[in-house]
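> I'd like to go over a predicted model; first the sequence, then the structure.
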Amino acid sequence: QVQLQESGPGLVKPSQTLSLTCTVSGGSITTTHHYCSWLRQPPGKGLEWIGFITYSGSTNYRPSLKSRTSISRDTAKNQFTLQLSSMTPEDTAVYFCVSIPPNSDSIAYWGQGTQVTVSS
């Protein structure tokens, strides 16, 4: 059974860079061909797609966040990482790492989510 687990700081100061890591177990991020993705849900709002990295290392980001977003991976550790720069209070949200099969709109696997609060 594939499992995803987010890790990172729960509190970030404005203007800082958020770095979250998703550790995948039970499956390889390079051989499953899934899109390793990040989503977030701000308080009182719906889920928002941030971006993904493919098994080959290609990335795609939400246009409104593209200038501040970087998703990378460490295949040796079976992890992928989100970096979101110039954080503001509007970036406060629960952040999820998820795994999406190719050619699918459905999420196959979810991390449990991690609360990130932006506050001085």
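Happy to help now that I have it.

> which element is the residue most central in space within the chain on?
Taking C-alpha atoms, centre = their mean, the centroid of the chain lies closest to W38, which sits 2.7 Å from it. Assessed by DSSP states H and E, W38 sits inside strand 35-41.

> what is the mean pLDDT for stretch 109-120?
Across stretch 109-120, the average pLDDT comes to 97.

> and the end-to-end length of it?
Taking C-alpha to C-alpha, to the nearest Å, stretch 109-120 runs 33 Å from one end to the other.

> in that stretch, what counts as buried?
For stretch 109-120, a neighbour-count test (16 or more other C-beta atoms under 10 Å) marks Y109, G111, G113, T114, V116, V118 as buried. For the C-beta atoms, the positions are set from N, CA and C on the backbone; glycine is no exception.

> picking that back up, the residue nearest to the centre of the chain - nearest residue in space that isn't next to it in sequence?
I50 (4.2 Å; C-beta to C-beta, 6 or more residues apart in numbering).

> T69 versus the closest residue to Y61 other than its chain neighbours, what's the distance?
Nearest non-adjacent residue to Y61, counting by C-beta to C-beta, 6+ apart: G51, 3.8 Å away. Per C-beta to C-beta, to the nearest Å, G51 is found 5 Å from T69.

> intersection of neighbour lists for these two?
The contact sets of G51 and T69 overlap at Y61, R62, L82 (C-beta atoms under 8 Å, 6 or more residues apart in numbering).
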